[in-house]
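Peer 1: no sequence for this one, just the structure:
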């Protein structure tokens, strides 16, 4: 089948395909490693409202760097940042609220908001 016929058939089936320009790198993160594709070619395809991506490139694997926790209580830095961004409080207030709420960011946000 020639490319023109293929394109017409895809259009009749409601499939659209688009090349994503200027892709610098694609990173796939797992719990233990990262797969990095630099200079990758990425194509987006939409079929019946479902979007999928096709990535073509030379992969390089590297171990994943885990973000460190903020203090001895084991409150993740990203949770502290989330509470701070949602409430406008200090890092110390956010950390204290997270510790009091057993590390639940949503509860900590509500606690900080209620204390104002």
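Peer 2: Sure thing, it's come through. Remember, predicted model here, so these are calculated numbers, not experimental data.
Peer 1: could you say which helix or strand contains residue 53?
Peer 2: Assessed by DSSP states H and E, residue 53 sits inside strand 50-56.
Peer 1: Within its sheet, name the partner strands of that strand and how each one runs.
Peer 2: strand 41-47 (antiparallel) (DSSP bridges).
Peer 1: for residue 107, phi and psi?
Peer 2: When read as degrees, to the nearest 10, the backbone of residue 107 gives phi -70, psi -40.
Peer 1: residue contacts, the closest residue to it other than its chain neighbours?
Peer 2: Among residues not flanking residue 107 along the chain, residue 101 sits closest, at 3.9 Å (CB to CB, 6 or more residues apart in numbering). For glycine as for every other residue, the C-beta is placed from the backbone atoms N, C-alpha and C. Counting by CB atoms under 8 Å, 6 or more residues apart in numbering, residue 101 touches 107-108, 111.
Peer 1: ok, now with 10 Å
Peer 2: Counting by CB atoms under 10 Å, 6 or more residues apart in numbering, residue 101 touches 83, 107-112.
Peer 1: From those residues, which land in helices?
Peer 2: 83, 107-112 (DSSP state H).
Peer 1: Which of those residues are buried? Put it as a ChimeraX command.
Peer 2: Per 16 or more other CB atoms under 10 Å, the buried members of the ones in helices among the contacts of residue 101 correspond to this ChimeraX selection:
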select :83,108,109,111,112
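Peer 1: want to try JSON lines for the contacts of residue 101, with pLDDT and distance to residue 50 as columns?
Peer 2: Listed next are the contacts of residue 101 as JSON lines, based on pLDDT from 0 to 100; distance: CB to CB, whole Å:
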{"residue": "83", "pLDDT": "93", "distance to residue 50": "35"}
{"residue": "107", "pLDDT": "93", "distance to residue 50": "35"}
{"residue": "108", "pLDDT": "94", "distance to residue 50": "36"}
{"residue": "109", "pLDDT": "94", "distance to residue 50": "33"}
{"residue": "110", "pLDDT": "94", "distance to residue 50": "35"}
{"residue": "111", "pLDDT": "92", "distance to residue 50": "39"}
{"residue": "112", "pLDDT": "92", "distance to residue 50": "39"}
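Peer 1: If anything else comes up later, I'll come back, but that's it for now.
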